[in-house]
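Undergrad: Kindly generate the corresponding structure for this input.
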Amino acid sequence: MANLWHAKCTAAGPATNQGESDLSVQARTQVLTILFWSAIFLLTAAWLEGFIEPTYMLFRRIPQGYNEGWNAYWAQVAWQGGALYPAPSDAISNNYPPLSFYIVGAFGRLIGDNIFAGRLVAEITLLMVGGSIWSWLRAAGMSRSVALFGASLFLAAFVSFGYEYVGTDDPQMLAHAMIITGVMILWRFDFSRRSIVAGGLLGTWLCTAEQTPAEPLPALPVSRRAGVAVAGGCRRGRRGTAACRGASSQVTPKPGNGRGRSIRRI
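TA: I've put the predicted structure just below:
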C-alpha cells in the first residue's frame, strides 16, 4: 500500500511542478503588466502637467523668452516682403533659415498675432514629435503599449529638460517635427518609392532652424532592436547574407527565458 501511494505521488509530482511553474509565470506577467501600465500612466501625467502652464500662457501677453519678439519680427518681415537677411553692416542680423518665418507668419495673419501663432505652432509640433515616435515604434514592430511608453517617455523627458521650448515662439520644435516625421514615413513605407515624400520633409528641416540635433535618439532605447528593418528585408528573400543572419539572431527571441515571455505578453 505504501509503495502504491509513493508511486502515485511520484507520478503526480512533475504535473504539479509544471502547474506551479505556469502559475508563477502568469503571476509574474500580471505584475509586470501592472508595473508597465503604471509607468505609462505616471509618464503621461508628467508630460500633461508640463503642458498646463505653457498652454495657459499661449495667448497671454507675457514674454516667454527674449527669442519670441525676435522670431515674431522676422515672421512679419517675411510676410511684408522685406529683407530677411540684412547687410552685415546693419544693426540687426538673422542667422535662421526662412521657412519657419513664412509658416508662423501665415498662421499669425490668421489669428492676428505672430507670437501667439509661434507658441501654438511650437506646442502642436512637440505633440507631433511624440506622435511620430509612437508611429515609428509601431512600424518597427513594437506593441501599442511599448510605442505609447516610448512616446510618453520622450514627452515627459522633454517637458522636464527642454521646458524652455514648450509653447515658446521658437522654430526649434517645428524643425524637430519635420525631421522625425520624415524618418517615420521612410521607416513605415520601408524606404519604398512612396516614401519619397519624406525626402522633402527631411530636406526642409534644414530650412527651419539654425541647428537641429539627431532627433531619432529618444526612441532608440525603447525600440530595443534596430535590426528589425534588416530582418524585414531578410524575410523578403535575402536570408543568405551575413547581415540577415545577424539580424535574425537579434530579432528572434531566445527560448527558455521566462522573463522574456512575460515582457512579450505585455
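
Undergrad: Low-confidence regions, the stretch 1-150 of the chain specifically.
TA: 1-20, 22 (pLDDT under 70).

Undergrad: let's see it at 80
TA: Applying pLDDT under 80 to the stretch 1-150 of the chain picks out residues 1-23.

Undergrad: can you give me the helices in it?
TA: Under the criterion DSSP state H, counting those that start in this stretch, helices of the stretch 1-150 of the chain are mapped to 2-56, 66-79, 99-111, 114-139, 144-161.

Undergrad: could those helices go into JSON lines alongside distance to residue 174 and mean neighbour count?
TA: C-beta here means a position set from N, CA and C on the backbone, and glycine is covered the same way. Shown next, in JSON lines, are the helices of the stretch 1-150 of the chain (distance: least, CB to CB, whole Å; neighbours: other CB atoms under 10 Å):
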{"stretch": "helix 2-56", "distance to residue 174": "15", "mean neighbour count": "12"}
{"stretch": "helix 66-79", "distance to residue 174": "11", "mean neighbour count": "18"}
{"stretch": "helix 99-111", "distance to residue 174": "5", "mean neighbour count": "19"}
{"stretch": "helix 114-139", "distance to residue 174": "5", "mean neighbour count": "22"}
{"stretch": "helix 144-161", "distance to residue 174": "14", "mean neighbour count": "20"}
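
Undergrad: Nearest to residue 183, out of those?
TA: Closest to residue 183 of those is helix 114-139 (CB to CB; 6.8 Å).

Undergrad: follow-up on the earlier one: which among the helices of the stretch 1-150 of the chain is found nearest to residue 182?
TA: Nearest of the helices of the stretch 1-150 of the chain to residue 182, taken as CB to CB: helix 114-139 at 8.9 Å.

Undergrad: quick one: that closest one to helix 144-161, angle?
TA: Between helix 114-139 and helix 144-161, the angle comes out at 150 degrees (axes from the mean of the first three to the mean of the last three CA atoms, to 10 degrees).

Undergrad: by contact count, what packs against helix 114-139?
TA: Judged by 3 or more CB pairs under 8 Å, 6 or more residues apart in numbering; DSSP states H and E, the packing partners of helix 114-139 are helix 2-56, helix 66-79, helix 99-111, helix 144-161, helix 172-188, helix 220-223.

Undergrad: rerun at 7 Å
TA: helix 66-79, helix 99-111, helix 144-161, helix 172-188 (3 or more CB pairs under 7 Å, 6 or more residues apart in numbering; DSSP states H and E).

Undergrad: among the ones you listed, which is nearest residue 44?
TA: For residue 44, the closest of those is helix 144-161, at 5.0 Å, according to CB to CB.

Undergrad: name the helices or strands packed onto the closest one?
TA: Secondary-structure packing of helix 144-161 (3+ CB pairs under 7 Å, 6+ apart): helix 2-56, helix 114-139, helix 220-223.
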